[in-house]
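>>> got a predicted model here, sequence first, then my questions.
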Amino acid sequence: MCSPSASTSLASPSNLSHCNANDAARASYRRGKPMNIAAASAPQVNRALIAMIVIVATIGGFMFGYDSGVINGTQAGLESTFALSSLGTGFTVGAILIGSSVGAFMAGRLADNLGRRNVMMIAAVLFIISALAAGAATSATMFVLARIIGGLGIGAASVLAPVYISEVVPANVRGRLSSVQQIMIITGLTGAFVANWYLARVAGSSTAPFWLDYPAWRWMFWMQVIPAAIYLVTLFLIPESPRFLVLKGRYDEAEVVLTRLFGAVEAKRKVAEIRGSLSADAHRPKLSDLIDKASGKVRPIVWTGIGLAIFQQFVGINIVFYYGSVLWQSVGFSESDALLINILSGSLSIIACLLTVALVDKVGRKPLLLIGSAGMTVTLAIVGICFASGAIVEGSLHLSDRNGLIALIAANAYVVFFNLSWGPIMWVMLGEMFPTQIRGSGLAVAGFAQWFANFVISVSFPTMAISLGLSLTYGFYALSAFVSFFFVWKMVSETRGRELEDMLG
């Protein structure tokens with residue numbers, strides 16, 4: 001709304017009718033039906049600029065997916081080159097998540113100081129360094145350090161792309177455009193799977209010599225340099241977030257960006273609205289803002305963000321993406337077939353994300369989360385039951401043809417349910433649910449929780465699979481999906497169609 005506290009001129013008698021008309025126009029615009037009246041024109045959305053912003057920002061999501069998924073298919077080379085144990089393999093796979101948790105925690109705070117775009121540029125440079133060093137690693141220690149560096153970039157890109165998008169696009173399409181982040185993550189994962197499969201197929205195996213006599217698994221990492229360089233270059237083409245500029249007191253710059261996005265009239269109104277949304281005692285954002293001054297306790301919205309972040313990982317999705325090749329080989333599939341199954345899972349994920357884009361601003365965030373939790377509970381339970389029916393042959397679990405097919409179908413149905421709901425929606429909500437004053441700090445804490453949970457699940461999987469068996473391990477993921485349903489039911493509030501300035505903490 002037009003806030004007198006945001007701008008004295010807006011409160012003057014001569015501007016009251018203009019203010020009321022604009023409020024009505026903006027309210028109508030939020031519903032996706034701009035008013036056609038002379039007193040107040042609806043925002044003239046620069047669709048081309050918004051499309052470019054979304055595409056460039058979500059290349060970070062592609063890198064997130066590619067850097068996460070490239071490890072799936074390189075494990076045989078890593079184990080033979082560095083003589084890794086099962087625990088060592090788990091730590092090597094999970095090393096990137098150490099950096100990711102730190103990167104996510106630091107990104108929100110850095111973005112409040114340096115800007116969203118500048119921190120994404122830093123992330124792009126980290127991707128390039130990591131790709132070169134991981135492929136050239138001569139020891140497990142060097143490899144782990146390289147992956148931690150890449151993790152710093154992943155953590156930053158994962159939290160900043162959705163919040164950056166949410167800060168520059170209209171509320172009535174914010175969900176679907178923020179969901180593009182998950183599509184790009186899955187596209188990156190699938191791209192890594194395709195590249196790994198192709199390199200292994202051409203070379204003969206992931207450990208066979210390839211170009212310049214380096215084994216194919218090293219080239220799997222070096223291929224990441226190409227999209228990382230594209231990401232870095234294209235970031236120079238998009239503007240800084242106008243909400244960050246207002247937060248830093250750079251009102252004229254914010255108005256210039258908003259004018260490019262929505263036209264001069266809406267730009268002035270939006271700057272005033274953002275300024276008005278900041279509390280009267282607005283100050284430099286800090287972690288202590290997450291504490292409610294009245295109660296002295298952590299704000300409920302922060303616990304909701306942390307819960308969404310943790311449950312997204314405790315349902316076990318990254319076991320499919322990090323260990324899919326090894327997992328399917330362990331139940332009787334060949335290496336080539338296992339890599340092809342990864343591509344199938346990635347392709348189904350993209351289709352599911354496209355469906356989310358079509359539904360998220362119509363159905364809402366909360367209903368999709370509930371559907372996803374219910375669907376994942378059932379499909380994970382089916383996978384666990386199928387694994388329980390398997391027989392141990394020469395130290396490996398083997399399923400019957402029938403149960404192997406059922407497990408494969410259920411696992412891919414699980415991937416669809418995840419990417420229809422928790423995959424994109426968690427990132428959408430983290431980008432939009434926090435009030436302006438605490439958005440950076442809230443993202444820092446929730447992002448850290450997400451990546452730490454990812455690390456715990458990923459590193460623990462090889463040990464859990466050996467000590468508990470695949471059946472009980474997947475039973476744990478099914479239980480987490482079951483509990484997540486009630487968490488959403490109780491704790492999550494719908495954010496569809498609400499302006500970021502209307503979010504309450």
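Structure received.
>>> how near is W489 to T377?
As judged by C-beta to C-beta, to the nearest Å, W489 and T377 stand 13 Å apart. Bear in mind the C-beta positions are built from the backbone N, C-alpha and C, glycine included.
>>> could you do L355 as well?
For L355, the distance to T377 - C-beta to C-beta - is 20 Å.
>>> who has more neighbours, these two?
The neighbour count for L355 versus T377, taken as other C-beta atoms under 10 Å, is higher for T377 (22 against 15).
>>> ok, that one touching A481?
Yes. The pair T377 / A481 is scored as a contact, 4.3 Å apart, by C-beta atoms under 8 Å.
>>> got the phi and psi for V298?
When read as degrees, to the nearest 10, the backbone of V298 gives phi -60, psi 140.
>>> and it, what does it touch?
Contact partners of V298, counting by C-beta atoms under 8 Å, 6 or more residues apart in numbering, are 290-292.
>>> please check those residues and keep the buried ones.
L290 (16 or more other C-beta atoms under 10 Å).
>>> now, which of the contacts of V298 sits nearest F452?
L290 (16.9 Å; C-beta to C-beta).
>>> and the contacts of V298 as TSV, adding pLDDT?
Output for the contacts of V298, formatted as TSV (pLDDT from 0 to 100):
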residue	pLDDT
L290	77
I291	81
D292	75
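>>> out of the contacts of V298, who's nearest F314?
L290 (22.3 Å).
>>> so that closest one sits right up against I438, yeah?
Yes. Here L290 reaches I438: they are 5.9 Å apart, a contact under C-beta under 8 Å.
>>> which residues are common contacts for those two?
Between them, L290 and I438 share these contacting residues under C-beta under 8 Å, 6+ apart: 299, 302.
>>> chain neighbours aside, what residue packs nearest to R496?
G364 (4.4 Å; C-beta to C-beta, 6 or more residues apart in numbering).
>>> what's the answer for P300, then?
Nearest-residue entry for P300: M491, 7.7 Å, with adjacent residues in sequence omitted and distances by C-beta to C-beta, 6+ apart.
>>> what sits against that neighbour?
Neighbouring residues of M491 by C-beta under 8 Å, 6+ apart: 300, 303-304, 307.
>>> who wins on neighbours among those?
Neighbour-wise, the contacts of M491 (other C-beta under 10 Å) top out at T304, 22 neighbours.
>>> so for the strand or helix carrying that residue, what's the average pLDDT?
Secondary-structure element containing T304, defined by DSSP states H and E: helix 300-314. The pLDDT scores in helix 300-314 average 92.
>>> got it, and stretch 430-437?
Stretch 430-437 comes out at a mean pLDDT of 78.
>>> first-to-last residue distance for it?
14 Å (C-alpha to C-alpha, to the nearest Å).
>>> name the residues of that stretch that are buried.
For stretch 430-437, by 16+ other C-beta under 10 Å, it's 430-437.
>>> if I look at the nearest residue to I129 once chain neighbours are set aside, how far off is A123?
Spatial nearest neighbour of I129, excluding adjacent residues (C-beta to C-beta, 6+ apart): I149 at 5.6 Å. Noted for I149: a distance of 11 Å to A123, by C-beta to C-beta.
>>> which one's more surrounded, the two?
A123 (28 against 22).
>>> quick one: low-confidence parts of the stretch 201-350 of the chain?
277-288, 321-336, 339 (pLDDT under 70).
>>> picking that back up, show me which of the contacts of M491 is closest to M52.
T304 (32.2 Å).
>>> the nearest residue to the closest one once chain neighbours are set aside and W303: what is the separation?
Distance criterion C-beta to C-beta, 6+ apart; nearest residue to T304, sequence neighbours excluded, is M491 at 4.9 Å. Going from M491 to W303 by C-beta to C-beta gives 7 Å.
>>> same question for A410.
Noted for A410: a distance of 32 Å to W303, by C-beta to C-beta.
>>> and if you look at L245?
30 Å.
>>> what sits up against the helix holding T304?
In contact with helix 300-314 (C-beta under 8 Å, 6+ apart) are residues 290, 422-423, 426, 429-430, 433-435, 438, 442, 445-447, 449-450, 453-454, 456-457, 477, 480, 483-484, 487, 491-493, 504-505.
>>> please list the members of these that lie in helices.
422-423, 426, 429-430, 442, 445-447, 449-450, 453-454, 456-457, 477, 480, 483-484, 487, 491 (DSSP state H).
>>> of those, buried ones?
If you count burial by 16+ other C-beta under 10 Å, the buried members of these come out as 422-423, 426, 429-430, 442, 445-447, 449-450, 453-454, 456-457, 477, 480, 483-484, 487.
>>> and the residue nearest to I129, what does it touch?
99, 126, 129-130, 133.
>>> repeat that for A123.
A123 makes contact with 60, 63, 103, 107, 152-154, 156-157, 160, according to C-beta under 8 Å, 6+ apart.
>>> rerun at 7 Å
60, 153, 156-157 (C-beta atoms under 7 Å, 6 or more residues apart in numbering).
>>> export the strand or helix carrying I274 as CSV, just CAs?
Using DSSP H and E, I274 sits within helix 264-277. Coordinates of each C-alpha in helix 264-277 appear next as CSV, following Å, rounded to 0.1, in the frame of the first residue of the first chain:
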residue,chain,number,x,y,z
ALA,A,264,8.6,4.9,-13.9
VAL,A,265,5.3,5.1,-12.0
GLU,A,266,5.5,1.6,-10.5
ALA,A,267,9.2,2.2,-9.8
LYS,A,268,8.6,5.2,-7.6
ARG,A,269,5.7,3.4,-5.8
LYS,A,270,7.8,0.3,-5.3
VAL,A,271,10.8,2.1,-3.8
ALA,A,272,8.4,3.8,-1.3
GLU,A,273,6.8,0.5,-0.5
ILE,A,274,10.1,-1.3,0.1
ARG,A,275,11.3,1.6,2.3
GLY,A,276,8.0,1.5,4.3
SER,A,277,8.4,-2.3,4.8
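>>> in a helix, A294, correct?
No. A294 is assigned coil when assessed by DSSP: H, G, I helix; E, B strand; the rest coil, not a helix.
>>> phi, psi for it please.
Given degrees, to the nearest 10, the pair of backbone angles that A294 has is phi -70, psi -40.
>>> any idea how far S85 is from L470?
The value you get for L470 to S85, if C-beta to C-beta is used, is 19 Å.
>>> these two: which is more packed in?
L470 (23 against 10).
>>> ok and whatever helix or strand that one lives in relative to helix 300-314, angle-wise?
Take DSSP H and E as the rule and L470 turns out to sit in helix 469-491. With axes from the mean of the first three to the mean of the last three C-alpha atoms, to 10 degrees defining the directions, helix 469-491 sits at 160 degrees from helix 300-314.
>>> so helix 469-491 versus helix 422-432, what angle?
Using the same axes, to 10 degrees: helix 469-491 against helix 422-432 is 40 degrees.
>>> any idea how far helix 469-491 is from the chain center?
Averaging C-alpha positions (C-alpha atoms, centre = their mean, to the nearest Å) puts helix 469-491 20 Å from its chain's average.
>>> same check on stretch 451-471?
Once both centres are worked out by C-alpha atoms, centre = their mean, stretch 451-471 turns out to sit 21 Å from its chain's centre.
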